[in-house]
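# compute the structure for the input listed below.
(chains A, B, C and D)
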There are 2 protein chains.
Amino acid sequence: MEREQRRVTSEDVARASGVSRATVSYVLNNDPRQSIPLETRERVLKVARELGYRPFTPARILRAGYSRIVLVVLQFEMVDPAMARSLKELEAALAGKGFSLIWYVGVHTASGHIHPSANLTPAVIVSLVDETDADISEFLRQFNVPILSMNSETSRQAVGKAQVSYLAGRGQRRIIFAAPERRDVQWLAQARLDGVRQGCVEHALEPPTVQVVPAFRIGAREAIMHLLAQQSPPFGVCCYNDEVAFAVLAACSDASTQVPEQIAVIGCDDIPLAQLSIPSLTTITFDDSHWLATLTENILAASRGEPIREELPKPLSIVVRTSA
Amino acid sequence: MEREQRRVTSEDVARASGVSRATVSYVLNNDPRQSIPLETRERVLKVARELGYRPFTPARILRAGYSRIVLVVLQFEMVDPAMARSLKELEAALAGKGFSLIWYVGVHTASGHIHPSANLTPAVIVSLVDETDADISEFLRQFNVPILSMNSETSRQAVGKAQVSYLAGRGQRRIIFAAPERRDVQWLAQARLDGVRQGCVEHALEPPTVQVVPAFRIGAREAIMHLLAQQSPPFGVCCYNDEVAFAVLAACSDASTQVPEQIAVIGCDDIPLAQLSIPSLTTITFDDSHWLATLTENILAASRGEPIREELPKPLSIVVRTSA
DNA sequence: CTGAAAGCGCTTACAG
DNA sequence: CTGAAAGCGCTTACAG
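Next up, the predicted model:
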């Protein structure tokens, strides 16, 4: 049905308002180099509105040679409301500059799959994925546009350091890193673990013990039992993220282990549920605002082919609750 | 930098391989009506690869008159890994048909904001937002393409009915609906409450009491205290979703109320954390596979301007754990 | 101040 | 089997 009815073009607007297509374009784009009489301008705008005219994007892009689309590429595991909120802020900032932010979730390298670049021409890619992976890197490269990475290595390590710093400040002398089981986030977990290691060095603590904590109840319980068999409390657990922290808390509850007296638990991300855990979860939160401003600048610069400003680490802080 | 270097066009490929642009296009698109000699075909493909040629999407779309982009529109509150997983399946199915699925998160109606349709021409919109809202509906309409809604009213009500049915089966005679506080999901909460009401009628129970349960700890506690002052246990609580259920569980823990003996709690969505609550959460899960197949068909039909098949309700089932 | 014309890169009838 | 040409809808020098 959509396909049948002919598209309303600038030609239609021109004819209906008795001017040329050039004039229509000047009016609609508010070209500052032209001085169209107010009367003409208003007539064109009125006709365009009445006809429901919307410039056909592909034609505009073809003419201009570039689009105003910023494509964020993510893996589906990273998709959560907090991420959505950050990106929505970014989207609002970009919309003010004429750009639209859209998401592509999932990276397909399997054959038979259409690469999204066949259907879409972004001006810039914002990458949240693991670019050290060759397939993923190749996937991004296929778009053939500038790629901005949203997470620096130092930001990622800062999380682990901050967790250790907080626990050490509360008197903890032994640190455990609770790692996720999922393979697809190991690159991030590894960076956070590196931060934990550095934090232990800085606070003159022994190197952390690494314990994988599965995200299902029985597995989590076994992991904590295993840990308790090796280490005697008290100790502090730096969790990869809040999900892992929930698993640790559930396991501690099942094992009748006191939190935070015997095991102190700190998460990362401050998901909305963090304040609702039993006990409520001490965790790490990020302040995106300053960092989003830099990213916005960088996106606009990259879209103009200009060099990109050095990335800032994400400011972070501790949300103190009862688990540590 | 990207902007400076001239784009590689089919003209370049044609010249370098000594054929016309038409032949290049025939080869690259595998046009079945042409019979290009194998030798020529291979030469063109080789040159295209060497030159790193990728057809410029906007030109292709301009020529074809339509794109192969499916745009999912969501509100950022609905974005979570489970949603991402469903949509990733959909994306994979569509990619097999040559379409790309991308997300637009957030609906802007404020002036000064660029409407994404100015930068993007999808073939079809898949809507997950509240279309009864006039602004949102207008936002979607601006794309001027077919709109498919992913949630039917009956699917939404089925959740509440299933919750009541389960609780009634466990002997509960009094039902509470734990509603979320957030305004932006009230349309969904309302539909689920309607389902709870219908369920109560079907099971000859009194109409449900509605209790708003805030997503922060103190608010949740007050809500449950308020509830306990009005109703004496035991009763069953149908929660809008798992987040609300976590708030109820936290409040019960703080109020030293036994779950499920005094208050039985059932959630909705089966988020990954559901098995890690204390006690573990009984909830509702959806089986998307059959429904995704129908949606895929409908998207392809809509992109061809064909009529759309009646929407199926999402199959759902109860995940029995310990909270109810 | 306004309009005729060129050209972005592609696909596809059409003619050979 | 291959190539010259048209045309999708837009914007923008250029000429008046």
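# do a quick rundown of the strands in the stretch 201-324 of chain A.
In the stretch 201-324 of chain A, the strands defined using DSSP state E, counting those that start in this stretch lie at A:209-212, A:235-239, A:263-266, A:283-286, A:316-319.
# which residues touch residue A:281?
Counting by Cβ atoms under 8 Å, 6 or more residues apart in numbering or on different chains, residue A:281 makes contact with A:242, A:245, A:246, A:249, A:265, A:266, A:267, A:274, A:275, A:321, A:323. Placement of C-beta: from N, CA and C, glycine included.
# quick one: it and chain B, what's the gap?
11 Å (Cβ to the nearest Cβ, to the nearest Å).
# count of residues packed around the nearest residue to that residue once chain neighbours are set aside?
The shortest distance from residue A:281 to any residue other than its chain neighbours is 4.2 Å, reached at residue A:274 (Cβ to Cβ, 6 or more residues apart in numbering or on different chains). Per other Cβ atoms under 10 Å in any protein chain shown, the neighbour tally for residue A:274 reads 22.
# isn't residue A:274 right up against residue A:266?
No. The criterion here is Cβ atoms under 8 Å, and residue A:274 misses it with residue A:266 at 10.6 Å.
# common neighbours of the two, please.
Shared contacts of residue A:274 and residue A:266, defined by Cβ under 8 Å, 6+ apart, comprise A:245, A:281, A:283.
# thinking again about what came up before, using JSON lines, lay out the contacts of residue A:281 together with distance to DNA strand D and pLDDT.
Output for the contacts of residue A:281, formatted as JSON lines (distance: Cβ to the nearest atom of the strand, whole Å; pLDDT from 0 to 100):
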{"residue": "A:242", "distance to DNA strand D": "46", "pLDDT": "96"}
{"residue": "A:245", "distance to DNA strand D": "51", "pLDDT": "98"}
{"residue": "A:246", "distance to DNA strand D": "51", "pLDDT": "98"}
{"residue": "A:249", "distance to DNA strand D": "56", "pLDDT": "98"}
{"residue": "A:265", "distance to DNA strand D": "56", "pLDDT": "98"}
{"residue": "A:266", "distance to DNA strand D": "53", "pLDDT": "98"}
{"residue": "A:267", "distance to DNA strand D": "49", "pLDDT": "98"}
{"residue": "A:274", "distance to DNA strand D": "47", "pLDDT": "96"}
{"residue": "A:275", "distance to DNA strand D": "49", "pLDDT": "97"}
{"residue": "A:321", "distance to DNA strand D": "53", "pLDDT": "98"}
{"residue": "A:323", "distance to DNA strand D": "56", "pLDDT": "98"}
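# just the buried ones among those, please.
If you count burial by 16 or more other Cβ atoms under 10 Å in any protein chain shown, the buried members of those come out as A:242, A:245, A:246, A:249, A:265, A:266, A:267, A:274, A:275, A:321, A:323.
# any stretches of the stretch 51-200 of chain A with poor pLDDT?
Across the stretch 51-200 of chain A, nothing is flagged by pLDDT under 70.
# which residues in it form helices?
For the stretch 51-200 of chain A, applying DSSP state H, counting those that start in this stretch gives helices covering A:57-64, A:81-95, A:134-141, A:153-169, A:186-202.
# residues of chain A that sit close to DNA strand D?
Contact residues, chain A versus DNA strand D (Cβ under 7 Å from any atom of the strand): A:6-7, A:9-11, A:21-22, A:24-26, A:28-29, A:31, A:53-56, A:59-60, A:62-64.
# again, only this time at 10 Å
For chain A, the contact set with DNA strand D under Cβ under 10 Å from any atom of the strand comprises A:6-14, A:20-31, A:33-34, A:48, A:53-65.
# near DNA strand C, list only the ones from these.
By Cβ under 10 Å from any atom of the strand, the members of these lying near DNA strand C are A:10, A:14, A:20-27, A:31, A:33-34, A:58-65.
# can you sort out which of those also neighbour chain B?
Residues of these in contact with chain B (Cβ under 8 Å from any Cβ of the partner chain): A:58, A:59, A:61, A:62, A:65.
# burial check on the last one, number of neighbours?
The number of residues packed around residue A:65, counting by other Cβ under 10 Å, is 11.
# also the fourth one?
The local packing count at residue A:62 equals 19, with neighbours defined by other Cβ under 10 Å.
# roughly how far apart are the closest residue to it other than its chain neighbours and residue A:104?
Sequence neighbours aside, residue B:58 is the residue nearest to residue A:62 in space, at 4.4 Å (criterion: Cβ to Cβ, 6+ apart). Using Cβ to Cβ, to the nearest Å, residue B:58 is found at 18 Å from residue A:104.
# secondary structure element for the closest residue to residue A:34 other than its chain neighbours?
Nearest non-adjacent residue to residue A:34, counting by Cβ to Cβ, 6+ apart: residue A:26, 4.4 Å away. Element membership for residue A:26, per DSSP states H and E: helix A:21-28.
# closest point of the stretch 101-250 of chain A to DNA strand C, which residue?
Proximity of the stretch 101-250 of chain A to DNA strand C (Cβ to the nearest atom of the strand) peaks at residue A:118, 9.3 Å away.
# check whether that residue really touches residue B:56, as I assumed.
No. Proximity of residue A:118 to residue B:56 does not meet the contact threshold set by Cβ under 8 Å, at 10.6 Å.
# who in the stretch 151-300 of chain A is up against DNA strand C?
Within the stretch 151-300 of chain A, no position lies close to DNA strand C (Cβ under 10 Å from any atom of the strand).
# which parts of the stretch 151-300 of chain A sit against chain B?
Within reach of chain B by Cβ under 8 Å from any Cβ, the stretch 151-300 of chain A has these residues: A:215-217, A:220, A:243, A:246-247, A:249-250, A:253, A:272-273, A:275-278, A:280.
# how about 10 Å then?
Proximity of the stretch 151-300 of chain A to chain B (Cβ under 10 Å from any Cβ of the partner chain) is limited to residues A:215-218, A:220, A:242-254, A:271-273, A:275-280.
# out of those residues, name the ones that lie in helices.
A:217-218, A:220, A:242-254 (DSSP state H).
# list buried residues within those.
Buried subset of these (neighbour count, 16+ other Cβ under 10 Å): A:217, A:220, A:242-254.
# now the angle between helix A:21-28 and whichever strand or helix holds residue A:41, please.
For residue A:41, the host element (DSSP H and E) is helix A:38-51. Between helix A:38-51 and helix A:21-28, the angle comes out at 90 degrees (axes from the mean of the first three to the mean of the last three Cα atoms, to 10 degrees).
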